[in-house]
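S.K.: Make a model of this:
(one chain, ligands or ions: 1)
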Amino acid sequence: MEQKPVYYSDYLQLDKILNAQAPESAKHGVRADDEMLFIIIHQTYELWFKQMFHEINLVREIFQKETVEENSADIFNAVHRLNRVSEILKILVSQMTVMETMTPLDFLDFRDFLRPASGFQSIQFKIAEAMLGLPFDQRFGQEYYVSQLREEDRKLVKDYEKEDSLFVLIERWLARMPFAKNGWETKDGFWQEYKVAYAKSLQDGETTNLDYFESMFLDGKDYPSDLRLGKDASRSALFIMLYRDYPLLNGPYQLINGLLDIDDLLAQWRYRHMNMVKRMIGKRVGTGGSTGAKYLQKAAQNHYIYKEFADLTSFLLQRNELPKLPQDIVADLSYKH
Ligand code: HEM
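M.R.: Okay, the predicted model is just below:
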């Protein structure tokens, strides 16, 4: 079949995008020159949210498979996509500077026309958070989190929350790895051996850390009930962080690191947005029905998604103190000839 020539503006449907700015102030016959910027900034954010969501879903698709080899194209593809999410987030953080060129007085020219619309009603943002793995019960402000949404949007967000998030899928993948099993590898079992080295590294007064280590990593101890990462997944994640220099663990390490980058950048966005909001509306409540800057501060503090991965760094040891891995394991973790 002959291909029809594609025309730039048709392909990008610019007729829709470039005609999608309708300032409320103009509808009220009021001149508010900065409302155009306000609309375009939000639309740009929404487009990037859409792209982020697309990437996150592709990574979820990879981890929905029954098996994902540590040394497979899948892992490197997932790492690549998570890097892209991070790069998008960097844009989203820095884009705040354009928003900040609008002064509080400029905003007041049209703010009242927008009620009760707010970024708080961005379902793409809520869905992206849920798909990355922020669970409802970890949310601050649960009472108003979806209260401002239309019924169909509320349902959509709730439906997504029922799906397996990236956190859940990666947790399962880690739990399936062999390093999770005690008795695997060394004579006494890797985690017993690691405990001895870890105990030596503790400073005076840090003994409670050893109890915590035992409950986190040793068999027969009660695992902390408030954690979302199970014991097996925690073992694998720590093992990957410790022995990441071995070729087959490098992809998984980059993956975990990619999740931490995303959390870090999301937090940067939350703080940046919160500071901008404080300057813009002071102590006033948000148009979206929350407590405004106060809510945003709590969300910034509480909505770290991959915190449990970050917390594992308390159990790291310097390289020369690490248990030496037996030759057959080293061979298993290396590229094959
Ligand atoms: C003048 C500029 C802005 C002001 C004064 C403002 C104000 C607020 C306030 C007060 C909230 C808390 C919820 C509520 O409304 O009660 C909020 C939430 C939110 N805003 Fe903005 N915002 C601004 C710009 C933006 C921009 C450019 C975006 C980009 C999409 C955005 C996205 C969001 C999101 C996603 C939330 C929910 C955050 C969360 O639940 O953690 N806002 N905003």
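
S.K.: Show me which positions of the helix or strand harbouring residue 62 end up buried.
M.R.: According to DSSP states H and E, residue 62 maps onto helix 35-63. Neighbour-count burial for helix 35-63 flags 35, 38-39, 45, 48-49, 52-53, 55-56, 59-60, 62-63 (criterion: 16 or more other C-beta atoms under 10 Å). The C-beta positions use only the backbone N, C-alpha and C, and glycine is treated the same way.

S.K.: which residues does the residue of the stretch 1-150 of the chain found nearest the ligand contact?
M.R.: Nearest residue of the stretch 1-150 of the chain to the ligand: residue 119, at 2.2 Å (C-beta to the nearest ligand atom). Taking C-beta atoms under 8 Å, 6 or more residues apart in numbering, we find residue 119 in contact with 42, 45, 125, 273, 288.

S.K.: restrict those residues to contacts with the ligand.
M.R.: 42, 45, 125, 273, 288 (C-beta under 6 Å from any ligand atom).

S.K.: Convert the C-alpha atoms of stretch 267-281 to CSV, please.
M.R.: C-alpha atoms of stretch 267-281 as CSV (Å, rounded to 0.1, in the frame of the first residue of the first chain):
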residue,chain,number,x,y,z
ALA,A,267,11.0,14.5,46.6
GLN,A,268,12.9,17.4,45.0
TRP,A,269,9.8,18.2,42.9
ARG,A,270,7.6,18.0,46.0
TYR,A,271,9.8,20.4,48.0
ARG,A,272,10.3,22.8,45.1
HIS,A,273,6.5,22.9,44.4
MET,A,274,5.8,23.4,48.2
ASN,A,275,8.2,26.3,48.5
MET,A,276,6.7,27.9,45.4
VAL,A,277,3.3,27.4,46.8
LYS,A,278,4.3,29.0,50.2
ARG,A,279,5.6,32.1,48.3
MET,A,280,2.5,32.2,46.1
ILE,A,281,-0.3,31.7,48.6
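
S.K.: Which residues does it contact?
M.R.: Stretch 267-281 is contacted by residues 89, 92-93, 96, 99-100, 102, 104, 107, 111, 119, 286, 292-293, 296-297, 299-300, 303-304 when judged by C-beta under 8 Å, 6+ apart.

S.K.: try stretch 310-319
M.R.: By C-beta under 8 Å, 6+ apart, the surrounding residues in contact with stretch 310-319 are 194, 197-198, 201, 209, 213, 216-217, 234, 237-238, 241-242, 260, 263, 304.

S.K.: That one: which residues count as buried?
M.R.: Neighbour count says stretch 310-319 has 312, 315 buried, by 16+ other C-beta under 10 Å.

S.K.: End to end on it, go ahead and measure it.
M.R.: Using C-alpha to C-alpha, to the nearest Å, the gap from the first to the last residue of stretch 310-319 comes to 19 Å.

S.K.: Tell me the residues of the stretch 1-150 of the chain that contact the ligand?
M.R.: With C-beta under 6 Å from any ligand atom as the criterion, the stretch 1-150 of the chain meets the ligand at residues 41, 42, 45, 99, 107, 118, 119, 120, 122, 125.

S.K.: what do you get if the cut-off is 5 Å, keeping everything else the same?
M.R.: With C-beta under 5 Å from any ligand atom as the criterion, the stretch 1-150 of the chain comes near the ligand at residues 41, 45, 118, 119, 120, 122, 125.

S.K.: And the fifth one, how far from residue 277?
M.R.: Counting by C-beta to C-beta, to the nearest Å, the gap from residue 120 to residue 277 is 11 Å.

S.K.: cool, the third one as well?
M.R.: Applying C-beta to C-beta, the value for residue 118 to residue 277 is 10 Å.

S.K.: anything in contact with each of the two?
M.R.: Common contacts of residue 118 and residue 277 (C-beta under 8 Å, 6+ apart): residue 286.

S.K.: quick one on the thing from earlier: among the ones next to the ligand among the contacts of residue 119, which two are most distant?
M.R.: The most widely separated members of these, counting by C-beta to C-beta, are 45 and 288 (15.0 Å).

S.K.: For the residue of the stretch 1-150 of the chain closest to the ligand, give me phi and psi.
M.R.: The phi/psi pair for residue 119 (degrees, to the nearest 10) reads phi -60, psi -20.

S.K.: quick one: pLDDT of it?
M.R.: Reading off the confidence values, residue 119 has pLDDT 92.

S.K.: ok, now residue 39?
M.R.: Residue 39 is assigned a pLDDT of 98 by the prediction.
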